[in-house]
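Engineer: Below: sequence and its predicted model.
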Amino acid sequence: MSGRLVTALSLALVACQASSMVTPHPLVIPGSRELAIGESLAIEDAPYLLRLDAVESDSRCPANVMCVWAGEVVVGATLAAKPGLGMPDRLLTLHGETASVAAGLSIRITAVSPNPAPSGQSIPEKDYRFTIAIERAP
């Protein structure tokens with residue numbers, strides 16, 4: 001029974017990794033690119049792909065409200081080792097424009113669309129687009 005479970009989990013993992021779409025051209029760093037949730041970005045001269053996994057939260061000020069704090073979008077991401085390198089994946093949390101540093105790279109969100117929804121409404125995850133900037137970490 002446990003052998004079947006391991007096989008099923010392995011197949012599910014492969015299916016999840018295959019379902020993310022990789023952008024056609026590697027990002028030359030420093031540089032930026034727009035991505036949606038589920039898309040992956042190859043990074044030139046780096047052994048990783050950056051994949052945006054999920055919108056963890058969106059606390060931006062709603063369109064029809066006056067706010068003291070602008071809020072931020074938090075995105076779960078994976079810095080996945082390119083196949084065949086035997087390197088571990090690194091899980092990241094991207095907090096608005098604050099840079100996350102991993103594997104010698106500085107990664108941050110520089111723009112989010114669409115604009116915040118009106119109070120009481122939410123944005124479907126599939127509608128989000130993020131401009132991601134990557135540069136070598138100091």
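Structural biologist: Looks like it came in fine. Numbers count the residues shown, from 1 in each chain.

Engineer: so what's L85 up against?
Structural biologist: Applying C-beta atoms under 8 Å, 6 or more residues apart in numbering to L85 gives the contacts P47. Any C-beta I mention is one placed from the backbone N, CA and C, and that applies to glycine too.

Engineer: Tell me the spacing between it and A46.
Structural biologist: In this structure, L85 and A46 are 11 Å apart, going by C-beta to C-beta, to the nearest Å.

Engineer: In the sheet, which strands lie alongside the longest strand seen in the chain, parallel or antiparallel?
Structural biologist: In the chain, with assignment by DSSP state E, the single longest strand is strand 48-58. When pairing is defined by DSSP bridges, strand 48-58 lines up against strand 39-42 (antiparallel), strand 73-81 (antiparallel).

Engineer: buried sites along the shortest one?
Structural biologist: Residues of strand 39-42 classed as buried: E39, S40, L41 (neighbour count, 16 or more other C-beta atoms under 10 Å).

Engineer: Run through the strands of the protein in chain order.
Structural biologist: Taking DSSP E as the criterion, the chain carries its strands at 21-22, 31-35, 39-42, 48-58, 73-81, 90-95, 100-102, 105-113, 129-136.

Engineer: circling back: can you lay out the buried residues of strand 39-42 as CSV showing distance to Y128 and pLDDT?
Structural biologist: Output for the buried residues of strand 39-42, formatted as CSV (distance: C-beta to C-beta, whole Å; pLDDT from 0 to 100):
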residue, distance to Y128, pLDDT
E39, 11, 96
S40, 15, 95
L41, 15, 94
